[in-house]
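K.L.:
here is a sequence together with a model predicted from it:
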Amino acid sequence: MGNREKESTPRLVDNTADLRRAVADARAAGKTIGLVPTMGALHEGHLSLVRASRAECDLTVVTIFVNPTQFGPHEDLEKYPRTLENDLRLLAGEGADLAFAPPREALYPAGFSTYVDPPDVALTLEGKCRPGHFRGVTTIVLKLFNLAQAHVAYFGQKDYQQARVIDRMVHDLDVPIIIRVCPIVRESDGLAMSSRNRYMNPAERDKALALWRCLTAARDLVASGQRDAATVATGMRAVLQEREVTRIDYAALADPDTLQPVTTIEGPTMALVAAHVGKTRLIDNLRLEP
Ligand code: PAF
C-alpha cells in the first residue's frame with residue numbers, strides 16, 4: 001500500500017458498470033482500494049477519511065450519494081445539501097482518484113426490494129429515534145462494498161453507532177473488507193463537523209456548541225470520580241437545557257461495543273447525545289475512560 005503526491009480532479013463516474021470496471025482494473029494491477037462512502041456536502045471530517053485512505057491504499061474511491069432509504073418520511077432528504085461541484089474540487093485537493101456519484105435509479109432501480117436487516121447494535125439510540133434508518137444504511141453500505149470491491153473502508157467516529165453497525169454487519173456477513181473508524185474532526189470551539197451544520201444560522205450555531213459542552217461535562221464528572229451513569233446523564237441534560245437546547249433525543253452513557261445503556265461507569269464508556277437545534281438534528285459522542 002502506498003501514498004502519492006497528487007492534485008487533479010478525481011475521475012467522476014455515475015454508473016455501476018464504469019465503477020466495476022475501474023476497480024477491477026485496479027485490482028488486476030495489484031492495487032489496494034480504499035473506499036470512503038459519503039453523502040456529499042464534504043467537509044474536513046470527510047477529507048480526513050480521504051487522507052487516511054490515501055495514506056494506506058493505492059486507489060481511493062469516494063462515493064457521493066444521498067441515500068433515500070436511510071431517511072425517515074419527515075426527515076431532511078429533500079433539503080440535504082447537494083454540492084457536487086465543490087465536493088469534486090475538495091477531492092481534487094486531496095488527491096482522491098475516483099468519485100462515484102450515481103443518480104438514485106442507478107442504485108435503486110425499479111423493482112428494488114432487498115434490504116439488509118441491521119444487527120442488534122442498531123436497536124438503541126439512533127435506531128430508536130430514527131426507525132428504519134440503519135436498515136437503509138446497512139443496505140446501501142453493503143451495496144457500495146459489493147460495487148467498489150475495496151480492501152479498506154473508512155468511516156467517521158461522529159456516527160459512532162453507524163460504525164458499530166457496519167462493523168457488526170461485515171463480521172456477521174463475512175464481507176471481505178477492513179473497517180477503519182477515524183476520529184471526529186471538530187471546529188476550533190469543539191463543534192463536531194457535519195454536513196448538517198450548514199443548516200444553522202449564527203445563533204443556532206452558537207447554541208449547537210451545547211452538545212460538545214455536555215460531552216465534556218460528562219467527561220469532567222467521570223474524571224472527578226462520578227460513576228453513576230444516571231447522574232452523569234442528568235448532568236449532560238442540564239448543560240443542554242442551560243443553553244436552551246431542549247429538544248433532546250438522548251443524552252446517554254452506553255457500552256462502547258453493544259451500545260446498551262450502562263448503569264455504573266466501570267470501564268470505557270461512550271457518552272452520546274442527539275438533540276435538535278432549531279430545525280437541525282445534531283449528534284455527537286465522546287469516549288470516556290474512567
Ligand atoms: O455516514 C454517511 O454519510 C452515510 O450514512 C453513508 C455511510 C454514506 C451511507 O449512506
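P.N.:
Done, it's in. All figures in this text were calculated on a predicted structure; none of them were measured in a lab. Residues are numbered from 1 along each chain as shown.
K.L.:
you'd agree residue 284 is up against residue 211?
P.N.:
Yes - under the criterion of CB atoms under 8 Å, residue 284 is in contact with residue 211, at a separation of 4.5 Å. Placement of C-beta: from N, CA and C, glycine included.
K.L.:
more neighbours: which of those two?
P.N.:
When residue 284 and residue 211 are compared on other CB atoms under 10 Å, the one with more neighbours turns out to be residue 211, at 27 against 23.
K.L.:
name the residues of the lengthiest helix in the chain that are buried.
P.N.:
Longest helix in the chain by number of residues (criterion: DSSP state H): helix 202-223. Of the residues in helix 202-223, those with enough neighbours to count as buried (16 or more other CB atoms under 10 Å) are 204-205, 207-215, 217-219, 221-222.
K.L.:
stretch 57-76 now?
P.N.:
By neighbour count, and taking 16+ other CB under 10 Å as the criterion, the buried residues in stretch 57-76 are 57-67, 69-71.
K.L.:
what's the farthest-apart pair in those residues?
P.N.:
Pairwise distances across the buried residues of stretch 57-76 (CB to CB) peak at 33.8 Å, for the pair 58 and 71.
K.L.:
so what does the longest helix of the chain touch, helix or strand wise?
P.N.:
Using 3 or more CB pairs under 8 Å, 6 or more residues apart in numbering; DSSP states H and E as the contact criterion, the elements in contact with helix 202-223 are helix 229-242, strand 269-277, strand 280-288.
K.L.:
what does it contact?
P.N.:
Applying CB atoms under 8 Å, 6 or more residues apart in numbering, the external contacts of helix 202-223 come out as 186, 189-192, 197, 200, 231-233, 235-240, 242-245, 251, 253, 265, 269, 271, 273, 275, 277-278, 280, 282-286, 288, 290.
K.L.:
confirm residue 63 sits in a strand?
P.N.:
Yes - under DSSP: H, G, I helix; E, B strand; the rest coil, residue 63 falls within a strand.
K.L.:
contacting residues for it?
P.N.:
Contacts here follow CB under 8 Å, 6+ apart; on that basis residue 63 touches 35-38, 99-101, 144, 148.
K.L.:
and these, which two are the farthest apart?
P.N.:
Spatially, the most separated pair among the contacts of residue 63 is 35 and 101, at 14.0 Å (CB to CB).
K.L.:
and the stretch 151-290 of the chain, which residues reach the ligand?
P.N.:
Within the stretch 151-290 of the chain, the positions adjacent to the ligand are 159, 162 by CB under 6 Å from any ligand atom.
K.L.:
and if we set it to 8 Å?
P.N.:
The stretch 151-290 of the chain comes close to the ligand at residues 155-156, 159, 162, 166, 195, as judged by CB under 8 Å from any ligand atom.
K.L.:
quick revisit: would CSV of the buried residues of stretch 57-76 with pLDDT and distance to the ligand be doable?
P.N.:
Formatted as CSV, the entries for the buried residues of stretch 57-76 read as follows, by pLDDT from 0 to 100; distance: CB to the nearest ligand atom, whole Å:
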residue, pLDDT, distance to the ligand
57, 98, 18
58, 98, 22
59, 98, 19
60, 98, 15
61, 99, 12
62, 99, 10
63, 99, 7
64, 99, 9
65, 98, 7
66, 98, 8
67, 98, 4
69, 98, 9
70, 98, 6
71, 98, 10
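K.L.:
returning to that earlier point: for the ligand, state which of the buried residues of helix 202-223 is nearest.
P.N.:
Each of the buried residues of helix 202-223 was checked against the ligand using CB to the nearest ligand atom; the closest is residue 211, at 17.5 Å.
K.L.:
tell me the first helix or strand C-terminal of whichever strand or helix holds residue 88.
P.N.:
Assignment of secondary structure by DSSP states H and E places residue 88 within helix 84-94. Next helix or strand after helix 84-94 toward the C-terminus (DSSP H and E): strand 98-100.
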